[in-house]
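>>> Sharing a model prediction with you, sequence too.
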Amino acid sequence: MFTKNYKRPLLMIVALCTFYSHSYSQDKNIPKDLYLAATIPDSLKQDANVVIRYEAHETIIKEAGKQTTKEHSIVTILNDKGDNDAILEIAYNRKYDTYSNIELNIYNAEGLLIKKYRKSDMYDGSAANDETMVTDDRYLAIKHAIANYPTTVEIIYEENESSFIGLSSWYVQDKMEQAVQNEYCKISVNPSVGFRYKASNTNIKPEKGTSDGLDTYTWTVKNLKAIKKEENVMAWNIQKKISFATNLFNCYGYPGDFNNWQSFGNWIKSLNDDVCTLSPERIAEVKKMTDTIKADKDKARVLYEYMQKSMRYVGIQLGIGGYKPFPATFVDQKKYGDCKALSNYMRALLSAVNIPSNYAIIRAGYNAEPADFAFPSNTFNHAILCIPFKNDTTWLECTSNTTAFGKLGPFTENRNALLITDEGGKLVNTPKSTFADNQFNSYVHLVLDADGGAKAQIKISSNGEYRSMFVDRLPYYKVDEQKEMLIKELRIKQPSVFEYVPETDKDGFKEVTINMEYDKYCDIATGDKQFYKPQPFMLWSATLPAEEKRRSNYYFNSPMLKTCTTTIDLPAGFEIETLPTDQNLKFTYGTYEVKYKYDATKNQVVSTARFNLTNQVIPAAKYNEMQVYLDAVAKAQNKKLVIHRKA
């Protein structure tokens with residue numbers, strides 16, 4: 001994974017009100033009432049799990065790549081939903097980052113100190129995880145188990161850092177259901193490094209000044225009410241924060257300029273220039289692999305599929321390795337690499353057959369915050385590759401062994417990537433998928449028997465997000481786990497016999513078959529009647545709570561198209577009593593329609609259902625329309641098919 005210089009603290013600490021001195025040395029003189037839970041204004045308790053009583057953040061930047069930060073926070077936790085605020089986790093690099101004067105103090109509702117922790121009490125561990133196997137980065141962490149509410153948590157520490165590209169943001173209000181009583185942030189910076197800032201979801205402005213030859217910027221905030229929780233909101237879309245950046249930086253001894261996107265791209269290019277060549281022998285072998293293929297795009301496809309079969313993803317981040325890829329020759333020999341190394345290796349393969357491509361860095365994650373054209377800053381965590389063919393641009397996700405050629409998916413699509421060109425960095429848009437890129441098409445044949453049992457066969461053809469379930473997840477499950485997962489994901493009834501048969505994977509569509517048998521399939525049997533749901537599973541089952549006034553946009557992972565054609569063979573001697581009525585439901589960004597037909601000659605019921613979401617981001621103003629629509633979709637899918645025995 002392409003990482004920042006290191007992970008920032010998970011617990012963001014800020015604040016202090018204007019009625020206190022702006023000197024950190026005065027923090028010990030904080031009024032006692034800020035430790036008392038009873039002194040929280042009632043207006044700040046509404047919809048709040050925690051209240052930030054006091055937070056101070058002071059940073060001094062005297063030269064590029066060096067900063068000193070002092071943090072002090074007092075947070076009152078009102079209920080168990082706020083327990084994460086009793087966790088302190090701070091990341092560091094032993095060579096470039098140190099912490100001192102760490103305190104974690106716990107107070108009861110009356111403001112009495114009941115527990116204190118120091119650095120010696122904290123766990124010190126490697127920051128390696130499922131994505132990063134080896135790294136220089138480490139973290140200190142401690143968690144206090146809260147027994148009673150309200151509890152107040154005080155955190156103090158000082159950080160000295162001698163390597164960075166980007167500065168941390170100051171989160172004024174970083175999550176829902178969090179109120180703020182007093183906050184203060186001060187940045188003192190040498191004007192020669194070129195300090196910049198940007199406000200997001202807030203209009204607060206700093207007080208500017210000078211002190212000891214440094215420019216100073218001071219923000220103060222008081223009495224912010226908690227934001228009521230809403231479903232499927234992106235944090236960056238609601239977080240009140242001030243982002244900081246400097247034009248000059250120094251990362252692990254590599255100085256750089258972030259005055260604009262072009263200059264940062266030149267810094268990345270300088271790290272990559274000496275690692276993107278293969279040996280002459282390997283170049284000859286790569287050319288031989290594609291010498292019978294005429295079109296460059298077909299050559300690129302063959303080489304991409306070769307890389308997928310031959311290489312595996314391994315995250316290793318040592319030193320400047322968080323930004324500089326392993327040499328292509330290393331990857332070629334070792335058969336592994338991280339996102340940077342694999343993207344760089346793919347670029348080397350293409351270069352061997354004279355196909356130009358561009359290394360690119362991007363912020364990965366579902367609906368991740370896009371980079372800002374007007375505010376150059378390092379928000380990237382992943383690397384991909386771009387091939388600028390003459391008639392179309394092809395993007396490649398090089399860390400996946402299963403992603404189809406030319407597809408990115410919701411993890412990196414529809415946002416800005418920094419393309420590394422010969423002229424430097426250029427911020428460009430990655431493709432935006434449509435519902436046609438995320439299809440789940442199913443064909444079901446149900447054969448009912450007179451006792452209410454059934455045999456069922458489901459054939460599925462899927463691409464995009466739905467394909468990934470069958471190619472990225474299921475193959476790593478045991479047989480019983482595959483059955484459990486599919487029954488859960490598709491929300492089908494528990495069968496007595498279950499057989500999963502993976503089939504072809506062609507042109508980005510994965511085909512599978514599921515064979516099942518049921519001793520009892522009907523929902524209800526009474527007298528001569530049997531009641532069934534007309535489809536074996538719901539194309540869309542989620543409903544949403546009604547909200548009086550939605551404030552934030554609602555996010556799906558991707559647009560989508562789901563279809564199901566179901567043929568039901570009725571038992572001999574039975575006929576239709578009630579056939580569900582056709583439905584045609586619509587809202588601004590989607591449709592659901594289902595049609596039913598009974599063929600008396602074949603004694604079959606055939607239904608065709610289609611659920612379509614045309615846009616993954618639903619504006620807040622359309623939330624109520626969508627909520628009513630999804631309720632109607634759920635009701636439409638719960639209609640019953642009723643059959644009875646012929647007289």
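Perfect, thanks for sending it. Residues are numbered from 1 along each chain as shown.

>>> count of neighbours near Val501?
Close neighbours of Val501, defined as other CB atoms under 10 Å, add up to 11. C-betas here are computed from N, CA, C, even on glycine.

>>> which ones are touching Pro150?
Shown in contact with Pro150 (CB atoms under 8 Å, 6 or more residues apart in numbering): Ala37, Thr76, Ile77, Leu78, Ala109.

>>> give me every residue that touches the third one.
Listed by CB under 8 Å, 6+ apart, the contact set of Ile77 reads Asn49, Val50, Asp83, Asp85, Ala86, Ile146, Tyr149, Pro150, Thr151, Thr152, Val153.

>>> So which of these is the closest to Ala360?
Using CB to CB, Asp85 is the member of those that lies nearest Ala360, at 36.8 Å.

>>> okay but that closest one is in contact with Val75, surely?
Yes - proximity of Asp85 to Val75 meets the contact threshold set by CB atoms under 8 Å, at 5.0 Å.

>>> where do the contact lists of those two overlap?
Common neighbours of Asp85 and Val75 (criterion: CB under 8 Å, 6+ apart): Val50, Val153.

>>> and which of the contacts of Ile77 is nearest Glu489?
Asp83 (30.6 Å).

>>> what about the closest one, how many residues close to it?
The number of residues packed near Asp83 is 17, by other CB under 10 Å.

>>> which ones are touching Gly365?
Gly365 is in contact with Asn381, Phe411, counting by CB under 8 Å, 6+ apart.

>>> confidence score at it?
Reported pLDDT at Gly365 in the predicted model: 93.

>>> Assign a three-state SS to it, would you?
On the three-state scheme (DSSP: H, G, I helix; E, B strand; the rest coil), Gly365 is labelled coil.

>>> how close does it get to Lys493?
With the distance defined as CB to CB, to the nearest Å, Gly365 ends up 35 Å from Lys493.

>>> least trustworthy helix or strand in the protein by mean pLDDT?
In the chain, no helix or strand scores lower on mean pLDDT, DSSP states H and E than strand 134-135, which sits at a mean of 62.

>>> List the neighbouring strands of the helix or strand that that one is followed by plus their orientation.
Using DSSP states H and E, the helix or strand that follows strand 134-135 towards the C-terminus is strand 137-143. Strands that pair with strand 137-143, judged by DSSP bridges, come out as strand 87-93 (antiparallel), strand 123-126 (antiparallel).

>>> Deepest-packed of these, please.
Among the strands paired with strand 137-143, ranked by average contacts under mean count of other CB atoms under 10 Å, first place goes to strand 87-93 (a mean of 20).

>>> For it, give the mean pLDDT please.
88.

>>> Can I get it in PDB, CA atoms only?
Extracted C-alpha coordinates of strand 87-93, given in PDB (Å, rounded to 0.1, in the frame of the first residue of the first chain):
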ATOM      1  CA  ILE A  87      -8.100   5.200  23.300                       C
ATOM      2  CA  LEU A  88      -4.800   6.900  22.600                       C
ATOM      3  CA  GLU A  89      -2.900   5.600  19.500                       C
ATOM      4  CA  ILE A  90       0.000   7.500  18.100                       C
ATOM      5  CA  ALA A  91       2.200   6.400  15.200                       C
ATOM      6  CA  TYR A  92       5.800   7.200  14.900                       C
ATOM      7  CA  ASN A  93       9.100   6.300  13.100                       C
END
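
>>> Could you check how far that strand is from the centre of its chain?
On the basis of CA atoms, centre = their mean, to the nearest Å, strand 87-93 sits 21 Å off its chain's mean C-alpha point.

>>> now stretch 568-580
Averaging C-alpha positions (CA atoms, centre = their mean) puts stretch 568-580 46 Å from its chain's average.

>>> What are the boundaries of the strands in the stretch 451-600 of the chain?
Per DSSP state E, counting those that start in this stretch, the stretch 451-600 of the chain carries strands over the ranges 454-462, 497-506, 509-518, 524-526, 529-532, 554-555, 560-569, 574-578, 583-587, 590-599.

>>> Which one of these lies nearest to Phe375?
strand 554-555 (22.3 Å).

>>> Now do the helices in the stretch 101-250 of the chain.
Using DSSP state H, counting those that start in this stretch, no helices are assigned anywhere in the stretch 101-250 of the chain.

>>> if we compare the strands paired with strand 137-143, which one ends up closest to Glu625?
With CB to CB, the closest approach to Glu625 among the strands paired with strand 137-143 belongs to strand 87-93: 39.3 Å.

>>> I'd like the contacts of Ile77 as TSV, with distance to Asn93 appended.
Output for the contacts of Ile77, formatted as TSV (distance: CB to CB, whole Å):
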residue	distance to Asn93
Asn49	33
Val50	30
Asp83	29
Asp85	25
Ala86	26
Ile146	31
Tyr149	36
Pro150	36
Thr151	32
Thr152	32
Val153	26
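
>>> nearest to Glu230, of these?
For the contacts of Ile77, the nearest to Glu230 is Asn49 (14.6 Å; CB to CB).

>>> Run through the residues that contact that closest one.
By CB under 8 Å, 6+ apart, Asn49 lies in contact with Ile77, Leu78, Asn79, Lys81, Gly82, Glu177, Gln178, Ala226.

>>> looking at the sheet around Lys115, what are its partners?
Beta-bridge pairing of Lys115 under DSSP bridges involves Ile106.

>>> correct me, but it touches Asn105?
Yes - here Lys115 reaches Asn105: they are 7.4 Å apart, a contact under CB under 8 Å.

>>> Endpoints of stretch 483-498, how far apart?
With CA to CA, to the nearest Å as the measure, stretch 483-498 spans 7 Å from end to end.

>>> buried ones in stretch 492-510?
Using 16 or more other CB atoms under 10 Å as the test for burial, stretch 492-510 gives Ile492, Pro495, Phe498, Tyr500, Asp505, Gly508, Phe509, Lys510.

>>> which residues touch that stretch?
For stretch 492-510, contacts defined as CB under 8 Å, 6+ apart pick out 404, 407, 439, 456, 458, 460-464, 467, 470-471, 474-475, 479, 482-483, 486-487, 511-519, 521, 536-537.

>>> Would you mind measuring the gap between the ends of that stretch?
For stretch 492-510, the first and last residues are 20 Å from each other (CA to CA).

>>> Could you report the pLDDT at Val331?
Per-residue confidence (pLDDT) for Val331: 94.

>>> Distance of it relative to Lys340?
Distance of Val331 to Lys340, given as CB to CB: 10 Å.

>>> of these two, who's got more company?
Taking other CB under 10 Å, Val331 and Lys340 do not tie; Lys340 has more neighbours (30 against 25).

>>> Burial check on the nearest residue to the more buried one once chain neighbours are set aside, number of neighbours?
Residue nearest to Lys340 in three dimensions, not counting chain neighbours: Pro325, with 3.9 Å by CB to CB, 6 or more residues apart in numbering. Neighbourhood size, Pro325 [other CB under 10 Å]: 27.

>>> Now do Pro325 against Ala383, distance only.
Going from Pro325 to Ala383 by CB to CB gives 8 Å.

>>> Between these two, which contacts overlap?
Counting by CB under 8 Å, 6+ apart, the common neighbours of Pro325 and Ala383 are Lys340, Ser343, Asn344, Tyr359.

>>> Helix or strand: which one has the second one?
What that stands for is Ser343. Using DSSP H and E, Ser343 maps to helix 339-352.

>>> Packing partners of that helix?
With contacts defined as 3 or more CB pairs under 8 Å, 6 or more residues apart in numbering; DSSP states H and E, helix 339-352 has these neighbours: helix 280-290, helix 296-310, helix 328-334, strand 358-362, strand 382-388.
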